[in-house]
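Asks: Below: sequence and its predicted model.
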Amino acid sequence: MNRRDRLSGNEAVAFAMKQINPDVMAAFPITPSTEIPQYFASYVANGEVDTEFVTVESEHSSMSACIGAEAAGARAITATSSAGLALMYEVLYVAASSRLPITLACVNRALSGPININNDHSDSMGARDSGWIQIYSETNQEAYDNFLQAMPIGEDPSVRLPVMVCQDGFITSHAVENIELLDDASVRALVGEYRPENYLLNPETPLAVGPYDISAYYMEHKKQQAEAMKNAKARILKVASEFEKLTGRKYGLFEAYRMEDAELALLLIGSSAGTAKAAVDRLRAAGVRAGLVKLRVFRPFPGEELAETLKNVRALGIMDKSEGFSSCGGPLFAEARGALYNLEKRPLAVNYVYGLGGRDVRVEDFVNIFGELSSIAASGKPGEVYRHIGQRD
Amino acid sequence: MKEKETVEIRWHGRGGQGTKTACLLLADAAFSSGCYVQGFPEYGPERMGAPITAYNRISRVRNTVHSNIYEPDFVAVVDESLLRSVDVTAGLKEDGAVIVNSAKTPEELRPLLNGYKGKVCSVNASRISRETLGGNFPNTPMLAAVVWVSRVVDPEKFIEDMEASLKHKFATKPHVIEDNLKALDVSMKEVQVG
């Protein structure tokens, strides 16, 4: 029986981990993800899971421990935020290129400096080219649901890639909201057992993991990794469809909200999409053809699918909750605008950098952005494409 | 509560007074009466005594907004000394109410509230907690006063839910259950609405 409850995003992810009962968790605490290993450690202490909990001295070590465990044939998980994720960067690439489907709960927090504990996406955006699948969540419910779908996606033989499940620090991680939880048996049926074809603890087929790769082979391996990331799209949709049968909750590569006949649209990631939905509803009630696309999957990037959904929009605001210092727009802007380039008729697109270091973003902010998009659509001129909102000048 | 309506509550307190806990308990109570809830603190450099803010959204239909609350229906002030440094009634709706933990009467409090024209309520939550709980734990009586004034949940149902939850948490300490229920009850009886 599914259960209705109220949990914070961190509680929800820790509960998903408990229901999955993985073989190994290695973690080092860092705000705002600390509660996840904290709650999980209590499940271990109470004998509610039989996971080997590895306390380590850094995030470089927690990811290294996960790599060792997953290579040995175990299912390994971790959780982190901000500088913790940054400290893992070197080994994130090792996990992905060794094709080890580790699952990481990323509770998004700004990177230093100046030091800041609040939410933005600079941590996971910095890891966007590490070869990890990245799935983002708007709510505690989505953080839970996405975590449950991570292993069936990453462990599938057509994919074999690690998965990062992201949610917004404090905004969802520390906010209690309603949630519907699956029963343990349904979770076990969905997630199944991890059965790798090759693993270190199999004496029948000795192998090495992570050896030097010479130039004669390295590029072939990278091409295979790139193919796996492309394959992940179909697998993500298949798992989403199974999940929908189980829960009635529909997931895709992104969520198109009131996009049917939208002339003005936003593309954004995470918890602020909920706030933007309220702005879309307000504008729709006033007769404005506004809509939004909430990106769920950033890696693999659903470029073709986004282009199809956005092709009839007249003005598009692409919103980045991280500053890439490219001097011409954030990472989502670069990729999404690129995805629209080969369309015969494409929207005018501008970039909004917002919400850095926990800067609050309100319904009114989105209403104002739609106002700017309306002017862009009317004039046919994008004006300055690289914009920041919410800061004092 | 109307079908489409969201009741928004902002809590002001100081680190260590249980303001966040009160906010989460209110979310629990509203959840138990079948509402959609949000309960979340605003985090900054946390330390004992620093001003903190926490928020509740309570509705019949899920509210997807994930921003802080700028135009609350109700404001709860757990520490009276904040009136000197924080504009607690900023954006507070005139048909709403501010509820202050104070020995003062609503009439005495009103001049301290930046010209707020709506309801001003006072309850001496610190004294009630000292008398019933044996210490300065103003969040429990403040929670009861907020429920009483806002009616965001039915006060009787709230007491029943709190009793059940306290019985679950403090099964081995029956006096804790009794003391907390007493604190809630006294607060609901004493809160002055002006």
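Replies: Structure received. Since the structure is predicted, the reported quantities are computational estimates derived from the model, not experimental observations.
Asks: In three-state terms, label the closest residue to chain B within the stretch 1-150 of chain A for me.
Replies: At 4.4 Å from chain B, residue A:6 is the closest residue in the stretch 1-150 of chain A, using C-beta to the nearest C-beta. (C-beta placed from N, C-alpha, C; glycine too.) At residue A:6 the chain is in strand, as set by DSSP: H, G, I helix; E, B strand; the rest coil.
Asks: repeat for the one 5 residues further on
Replies: Here residue A:11 is recorded as helix under three-state DSSP.
Asks: neighbours around it, how many?
Replies: 21 (other C-beta atoms under 10 Å in any protein chain shown).
Asks: one step back: tell me the contacts of the closest residue to the residue of the stretch 1-150 of chain A closest to chain B other than its chain neighbours?
Replies: Leaving aside its chain neighbours, residue A:6 sits nearest to residue B:31 (4.4 Å; criterion: C-beta to C-beta, 6 or more residues apart in numbering or on different chains). By C-beta atoms under 8 Å, 6 or more residues apart in numbering or on different chains, the contact list for residue B:31 reads A:6, A:178, B:37.
Asks: Closest one of those residues to residue A:59?
Replies: residue A:6 (30.2 Å; C-beta to C-beta).
Asks: For the closest one, name its beta-bridge partners.
Replies: residue A:178 (DSSP bridges).
Asks: ok, and the helix or strand in chain B with the lowest average confidence?
Replies: helix B:155-169 (a mean of 91; mean pLDDT, DSSP states H and E).
Asks: Show me what secondary structure element comes after that helix.
Replies: Using DSSP states H and E, the helix or strand that follows helix B:155-169 in sequence is helix B:174-190.
Asks: roughly how far apart are the nearest residue to residue A:391 once chain neighbours are set aside and chain B?
Replies: Nearest non-adjacent residue to residue A:391, counting by C-beta to C-beta, 6+ apart: residue A:359, 7.0 Å away. Residue A:359 sits at a distance of 11 Å from chain B (criterion: C-beta to the nearest C-beta, to the nearest Å).
Asks: got it, and residue A:363?
Replies: From residue A:363 to chain B the distance is 6 Å (C-beta to the nearest C-beta).
Asks: neighbours of that residue, just the number please.
Replies: Quick note: residue A:363 (other C-beta under 10 Å) scores 20 neighbours.
Asks: who touches it in this structure?
Replies: Per C-beta under 8 Å, 6+ apart, neighbours of residue A:363: A:275, A:278, A:279, A:282, B:65, B:67.
Asks: go on, residue B:170?
Replies: Taking C-beta under 8 Å, 6+ apart as the test, what residue B:170 contacts is B:176, B:177.
Asks: Output the set of residues of chain A in proximity to chain B.
Replies: A:6, A:32, A:117-118, A:138-139, A:168, A:170-172, A:174-178, A:271-272, A:274-275, A:277-278, A:358, A:360-363 (C-beta under 8 Å from any C-beta of the partner chain).
Asks: Quick one: buried ones out of the residues you listed?
Replies: A:6, A:32, A:117-118, A:138-139, A:168, A:170-172, A:174-178, A:271-272, A:274-275, A:277-278, A:358, A:360-363 (16 or more other C-beta atoms under 10 Å in any protein chain shown).
Asks: So which residues of the stretch 101-250 of chain A form strands?
Replies: A:103-108, A:133-136, A:163-168, A:176-181 (DSSP state E, counting those that start in this stretch).
Asks: Please work out which of those strands is packed deepest.
Replies: strand A:103-108 (a mean of 30; mean count of other C-beta atoms under 10 Å in any protein chain shown).
Asks: Next, the angle strand A:163-168 makes with it.
Replies: 20 degrees (axes from the mean of the first three to the mean of the last three C-alpha atoms, to 10 degrees).
Asks: Mean confidence (pLDDT) on strand A:103-108, please.
Replies: Across strand A:103-108, the average pLDDT comes to 98.
Asks: for it, the distance to its chain's centre please.
Replies: Strand A:103-108 sits 8 Å away from the centroid of its parent chain (C-alpha atoms, centre = their mean, to the nearest Å).
Asks: Same check on stretch B:78-89?
Replies: 14 Å.
Asks: Next up, the contacts around the residue of the stretch 101-250 of chain A found nearest chain B.
Replies: Here the stretch 101-250 of chain A gets closest to chain B at one residue, residue A:175, 3.5 Å apart by C-beta to the nearest C-beta. Residue A:175 makes contacts with A:8, A:9, A:140, B:38, B:39, B:40, B:66, as judged by C-beta under 8 Å, 6+ apart.
Asks: Make sure the fifth one is indeed in a strand.
Replies: Okay, so that is residue B:39. Yes - with three-state DSSP as the criterion, residue B:39 is located in a strand.
Asks: re earlier: how deep is the residue nearest to residue A:391 tucked in, by neighbour count?
Replies: Count around residue A:359 with other C-beta under 10 Å applied: 17.
Asks: thinking it is in contact with residue A:390, fair?
Replies: Yes - the pair residue A:359 and residue A:390 passes the contact test of C-beta atoms under 8 Å, sitting 4.9 Å apart.
Asks: returning to that earlier point: what's the angle between the least confident helix or strand of chain B and helix B:174-190?
Replies: Interaxial angle, helix B:155-169 versus helix B:174-190 (the same axes, to 10 degrees): 160 degrees.
Asks: helices or strands next to helix B:155-169 in the packing?
Replies: helix B:19-32, helix B:139-150, helix B:174-190 (3 or more C-beta pairs under 8 Å, 6 or more residues apart in numbering or on different chains; DSSP states H and E).
Asks: anything in the shortest one sitting right up against chain A?
Replies: What that stands for is helix B:139-150. No - with C-beta under 8 Å from any C-beta as the criterion, chain A is not reached by helix B:139-150; the gap is at least 14.7 Å.
Asks: Show me the shaky parts of chain B.
Replies: B:1-4, B:46 (pLDDT under 70).
Asks: again, only using 90
Replies: Low-confidence segments of chain B (pLDDT under 90): B:1-4, B:16, B:43-49, B:164-174.
Asks: Those residues of it touching chain A, which are they?
Replies: B:24, B:27-28, B:31, B:36-41, B:43, B:62-68, B:70.
Asks: of those residues, buried ones?
Replies: By 16+ other C-beta under 10 Å, the residues of chain B next to chain A give B:24, B:27-28, B:31, B:36-41, B:43, B:62-68 as buried.
Asks: distance of residue A:193 from residue A:200?
Replies: 18 Å (C-beta to C-beta, to the nearest Å).
Asks: The two: which has the busier surroundings?
Replies: Neighbours were counted for residue A:193 and for residue A:200 using other C-beta under 10 Å; residue A:200 has more, 18 against 9.
Asks: what number of residues lie near the nearest residue in space to that one that is not next to it in sequence?
Replies: Leaving aside its sequence neighbours, residue A:200 sits nearest to residue A:72 (C-beta to C-beta, 6+ apart; 4.7 Å). Look at residue A:72: counted by other C-beta under 10 Å, it has 16 neighbours.
Asks: repeat for residue B:33
Replies: 15.
Asks: And residue A:270, by the same measure?
Replies: What residue A:270 shows, counting by other C-beta under 10 Å, is a neighbour count of 28.
Asks: Just the pLDDT for it.
Replies: For residue A:270, the predicted pLDDT is 98.
Asks: And the helices in the stretch 201-350 of chain A, which stretches?
Replies: A:215-247, A:272-285, A:303-310, A:331-340 (DSSP state H, counting those that start in this stretch).
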